[in-house]
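In: Pasting the sequence and the predicted model now:
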Amino acid sequence: MPMSRRHFFRAVTGKEEPRHQLNRATALDAYVRTHLLPYDFSLTDEQVEHLLGVVRCELAGGQGTQFSSEERQRIAAIAQETIRAWREDYWNAEQKRRDAIILVRKFIHTKASPDALERRAVSWLYKLPDARLAPLNPGELKELVFSQMNAWYQPDK
């Protein structure tokens with residue numbers, strides 16, 4: 001089928017149709033999702049959408065759905081820079097959770113409460129957002145854990 005004048009002149013002037021822009025955005029999303037998402041921790045849906053949005057914004061001017069090696073390097077650099085802070089928060093929060101579990105056990109042994117309290121506390125720790133736990137120093141972590149444990153602790157009456 002021959003190309004219409006409209007398509008010919010749009011190709012000459014470099015103005016892409018919205019359909020081509022959509023195809024590029026879809027290709028960028030697919031590339032990031034299949035090649036650049038981390039394996040050592042998981043991202044939330046909001047973080048993935050933010051990452052995809054950042055990559056789309058940075059590479060908005062490109063054309064086509066095939067990426068050059070320079071574009072792939074740029075995409076990888078953008079993704080790694082965006083993910084770096086989330087990875088640090090995740091690993092800091094994981095360390096805080098491990099430290100907090102020790103504090104939970106210390107509290108339980110001090111108060112002589114049942115093992116069900118420990119399971120509840122560990123579950124609570126893993127439901128806390130990484131951003132809440134990561135910045136805590138040991139004193140703040142102990143205060144957070146002990147205040148929550150005291151709220152749950154119901155001594156036998």
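Out: Right, received. Where do you want to start?
In: what about stretch 117-135, how long is it end to end?
Out: Using CA to CA, to the nearest Å, the span of stretch 117-135 from its first residue to its last is 25 Å.
In: Give me the contact list for that stretch.
Out: Here stretch 117-135 makes contact (CB atoms under 8 Å, 6 or more residues apart in numbering) with 86, 88-90, 92-93, 96-97, 100-101, 104-105, 108, 141, 145, 148-149, 152-153. In this view, the C-beta of every residue, glycine as well, is placed from N, C-alpha and C.
In: Which positions in it come out as buried?
Out: Across stretch 117-135, burial judged by 16 or more other CB atoms under 10 Å covers 117-118, 121, 125, 130, 133-134.
In: how near is the residue nearest to the spatial centre of the chain to residue 118?
Out: For the chain, the residue nearest the mean C-alpha position is residue 43 (3.0 Å; CA atoms, centre = their mean). Distance, residue 43 to residue 118, by CB to CB, to the nearest Å: 29 Å.
In: re the thing from before, on the three-state scheme, the residue nearest to the centre of the chain is what?
Out: Put simply, residue 43 is coil when judged by DSSP: H, G, I helix; E, B strand; the rest coil.
In: so what pLDDT did it get?
Out: On the pLDDT scale, residue 43 is placed at 87.
In: Now it: phi and psi?
Out: Recorded main-chain torsions at residue 43 are phi -90, psi 150, according to degrees, to the nearest 10.
In: Contact partners for it?
Out: 37, 51, 83, 86.
In: and what of residue 88?
Out: Residue 88 neighbours (CB under 8 Å, 6+ apart): residue 134.
In: Look at it and report its pLDDT.
Out: 93.
In: what does residue 133 give?
Out: 89.
In: gap between it and residue 31?
Out: Taking CB to CB, one finds residue 133 at 32 Å from residue 31.
In: again with residue 23
Out: 12 Å.
In: Residue 148 now?
Out: For residue 148, the distance to residue 31 - CB to CB - is 42 Å.
In: ditto for residue 103
Out: 43 Å.
In: Same check on residue 124?
Out: Taken as CB to CB, the span from residue 124 to residue 31 is 38 Å.
In: And for residue 107?
Out: In terms of CB to CB, residue 107 sits 48 Å off from residue 31.
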